[in-house]
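>>> Output the structure for:
(one chain, ligands or ions: 1)
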Amino acid sequence: MSKVFIAHKSDITEGQAKGFDPLNQGRDSLFIVHKNGEYYGYKDICPHYGDTTLPWKKDKYLDSKSDQIVCAAHGALFEIRTGICTQGPCKNQALTNIELDIRQHNEIWVDITTIKEF
Ligand code: FES
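Numbering: from 1, shown residues only. Alright, predicted model coming up:
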């Protein structure tokens, strides 16, 4: 297991999400949502279709109320807390969770092997 530093907690504003490219692939491979003081990490891949990424624009992972994660391709909505699709073409499927390791000084680290799996 090999972990990499992703960001400080303060880099992700409450009620917002942010994408990251820790493998320098030229596109974000994971994103983190900061909601109600908690942090949630997911792979940036929609379960509906192939390896489609979610946002229509950098860091636009949430709906207008910042209540749900949204896939721009076909409008699937996902619970922030669980990653489960509640509405759309992949209803009841889920985003792939990425476990976040919150360390000293509010650093967020992730296991790089979980990112490489796609
Ligand atoms: S690819 Fe995400 S809803 Fe279709």
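>>> Span of stretch 11-28 from start to end?
By C-alpha to C-alpha, to the nearest Å, the extent of stretch 11-28 from end to end equals 16 Å.
>>> Check what contacts it and list those residues.
Stretch 11-28 has contacts (C-beta atoms under 8 Å, 6 or more residues apart in numbering) with 4, 6-7, 29-37, 39, 44, 53, 55, 58-59, 61-62, 66, 69, 110, 112, 115-116. All C-beta atoms are positioned from the backbone trio N, CA, C, and that covers glycine.
>>> near the ligand, from these?
Among the contacts of stretch 11-28, not one lies near the ligand by C-beta under 6 Å from any ligand atom.
>>> Cross-reference these with the strands and report the matches.
4, 6-7, 30-35, 39, 69, 110 (DSSP state E).
>>> Would you show me how to pick out the buried ones of those in ChimeraX?
To isolate the buried members of these in ChimeraX, using 16 or more other C-beta atoms under 10 Å:
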select :6,7,30,31,32,33,34,35,69,110
